[in-house]
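K.L.:
Pasted the sequence and its predicted model underneath.
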Amino acid sequence: MVEGGGYGDMDAHWWASRRTEMTNPSASAERTAEYAMTASEYAVWAEEVHRLAAEKDAVVLAHNYQVPEIQDVAHHVGDSLYLSRVAAETDASTIVFCGVHFMAETAKILSPTKKVLIPDLAAGCSLADTITADQLREWKAQHPGATVVAYVNTTAAVKAESDVCITSSNAADIVRSIPEDQEILFLPDQFLGAHVQRVTGRSNMHIWMGECHVHAGISPTDVRLTVAAHPEAEIMVHPECGCTTSVLEMVSHGDLPADRTRVLSTGGMVKAAEASTAAEVLVATEIGILHQLRKTNANVNFIPMNAKASCLYMKMITPEKVLRALRDDVFEIVVPTDIANKARRSVERMISIGNSSRGGE
Ligand code: SF4
């Protein structure tokens, strides 16, 4: 166990040997503001990650819901769309994907000749689990000819049954790009679907009633209580959040300030954070994004609407497991060729339409 480190007991022997090499034990007692590791532990671990990555010709990608240490050690940090683009363009022969399983699958779909590793195969996604390829085939049979728009939070098998993939940062652009008379099946997130329908005014769009347990857990009550405690703050809400609809209703009833409330992908949040001059910003999404926001603008106090909104799947990826992935070449992502070939078309459309960003999911 890493003493006080909080990331489990993987690689205990490695840590034990490296800790005795530390030249400044007093520094180990100091903690950085957001790390579970001490500064010395981080430095030793990060050096080993970078050494192994260079030795293995690997690039480390981290989703911005990862723990702060992994975000900071990674070569690239961002949302699914940004990381997909990096995966498609990298010269590295190995990609270590610090995120959840569907994201690593997407990297493999785009880079079939590269080795794609995920540090923990159990890192899934409750939203992706809400629809299977069989369920989608059944839904399509009920709406023949409809265009299937799938959020990137889906399995490779579901992507293979879809026409185009989206992320929260390009969802509205992609729906607008589909001819107006064309029926749309939008899956699997009901809150993102409702948001896209609202901003595009699209009426012939059917929405799958899936949800992410983390975002659905950010409730209208969380919003009301946090806003009441910080009445002057700006407000940023992710479109996947269970509170989104009520936030918009509260704005229209004058219960929230329209000029200070925005529904943004986390990529949009990072951009807005850069420009913000507010003293406080309230944030409704998975709390991992707070690390990026705070790095982007240290003058703003970013406050979570729900401090418990943490994705247990994202947090299955620990610093020790990142090391193991690099050292032992585990766990390799495999996507059957026929599924990968079909899924690639919809993922490539996602990459070619909409805005690039460093945030969002
Ligand atoms: S936060 Fe929700 S949507 Fe994102 S990976 Fe976790 S379970 Fe899936």
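P.N.:
All right, it came through fine. Model, not experiment: these values are computed from the prediction.

K.L.:
What residues sit buried inside stretch 52-63?
P.N.:
L52, A53, K56, A58, V59, V60, L61, A62, H63 (16 or more other Cβ atoms under 10 Å). All C-beta atoms are positioned from the backbone trio N, CA, C, and that covers glycine.

K.L.:
out of these, which are inside helices?
P.N.:
L52, A53 (DSSP state H).

K.L.:
Among the buried residues of stretch 52-63, which ones are in strands?
P.N.:
Of those, the ones assigned to strands by DSSP state E are A58, V59, V60, L61, A62, H63.

K.L.:
Among those residues, find me the one that's closest to the ligand.
P.N.:
Set against the ligand, the nearest of these by Cβ to the nearest ligand atom is H63 (7.9 Å).

K.L.:
Any idea what the closest one is bridged to?
P.N.:
G78 (DSSP bridges).

K.L.:
contacting residues around A284?
P.N.:
Neighbour list for A284: 218, 222-223, 235-238, 241, 243-244, 247, 304-306, 309 [criterion: Cβ atoms under 8 Å, 6 or more residues apart in numbering].

K.L.:
now swap in I70 and tell me
P.N.:
I70 touches A62, C98, I317, P319, V322, counting by Cβ under 8 Å, 6+ apart.

K.L.:
how close does the fourth one get to R327?
P.N.:
It stands for P319. 13 Å (Cβ to Cβ, to the nearest Å).

K.L.:
and the contacts of A284, which are buried?
P.N.:
218, 222-223, 235-238, 241, 243-244, 247, 304-306, 309.

K.L.:
Now, the residues you listed that are in strands?
P.N.:
Going by DSSP E, the strands hold I235, M236, V237, P304 from these.

K.L.:
how near is the third one to Y65?
P.N.:
Meaning V237. Distance from V237 to Y65, by Cβ to Cβ: 16 Å.

K.L.:
now do the first one
P.N.:
The gap separating I235 from Y65 is 20 Å, by Cβ to Cβ.

K.L.:
And the second one, by the same measure?
P.N.:
Counting by Cβ to Cβ, the gap from M236 to Y65 is 15 Å.

K.L.:
cool, the last one as well?
P.N.:
In this structure, P304 lies at 13 Å from Y65, with Cβ to Cβ as the measure.

K.L.:
Mutual contacts of the two, please.
P.N.:
With Cβ under 8 Å, 6+ apart, P304 and Y65 have no common neighbours.

K.L.:
what's the closest of the contacts of A284 to the ligand?
P.N.:
Nearest member of the contacts of A284 to the ligand, counting by Cβ to the nearest ligand atom, is A309, at 8.2 Å.

K.L.:
what about the protein, any weak spots by pLDDT?
P.N.:
Within the chain, the segments meeting pLDDT under 70 span 1-33, 353-361.

K.L.:
what's the nearest residue to M250 if we skip its chain neighbours?
P.N.:
Distances taken as Cβ to Cβ, 6 or more residues apart in numbering place L256 nearest to M250, at 4.4 Å, with adjacent residues excluded.

K.L.:
who touches stretch 100-110?
P.N.:
61, 63, 80, 83-84, 87-88, 95, 97, 114, 116-118, 121, 123-125, 128, 152-156, 159, 165, 311, 313-314, 333-335, 340, 343-344, 347-348, 351.

K.L.:
my bad, should have said stretch 126-140
P.N.:
By Cβ under 8 Å, 6+ apart, the list of residues contacting stretch 126-140 reads 100-102, 146, 148, 151, 153-155, 157-158, 160-162, 185, 187-189, 206, 208-214, 240, 313.

K.L.:
just checking, M250 is part of a strand?
P.N.:
No: assessed with DSSP: H, G, I helix; E, B strand; the rest coil, M250 is helix; it does not lie in a strand.

K.L.:
returning to what we had before: narrow the contacts of I70 to those in strands?
P.N.:
Per DSSP E, the contacts of I70 map to strands at A62, C98.

K.L.:
Between which two of the contacts of I70 is the distance greatest?
P.N.:
Across the contacts of I70, the longest distance by Cβ to Cβ is 11.2 Å; it joins A62 and P319.

K.L.:
Overlap of the contact sets of the two?
P.N.:
With Cβ under 8 Å, 6+ apart as the test, A62 and P319 both reach I70, V73.

K.L.:
Give me the nearest residue to the closest residue to the ligand within the stretch 151-300 of the chain, chain neighbours excluded.
P.N.:
Distances between the stretch 151-300 of the chain and the ligand by Cβ to the nearest ligand atom are smallest at C212, namely 3.1 Å. Excluding the flanking residues, the one nearest C212 by Cβ to Cβ, 6+ apart is L127, at 4.0 Å.

K.L.:
Give me the phi and psi angles of that neighbour.
P.N.:
phi -70, psi -50 (degrees, to the nearest 10).

K.L.:
Next: V116.
P.N.:
Dihedral angles for V116 - degrees, to the nearest 10 - are phi -110, psi 120.

K.L.:
Isn't it up against C98?
P.N.:
No: contact criterion Cβ atoms under 8 Å: V116 and C98 do not qualify, at 11.7 Å.

K.L.:
Neighbour count: the two, which is higher?
P.N.:
C98 (31 against 25; other Cβ atoms under 10 Å).
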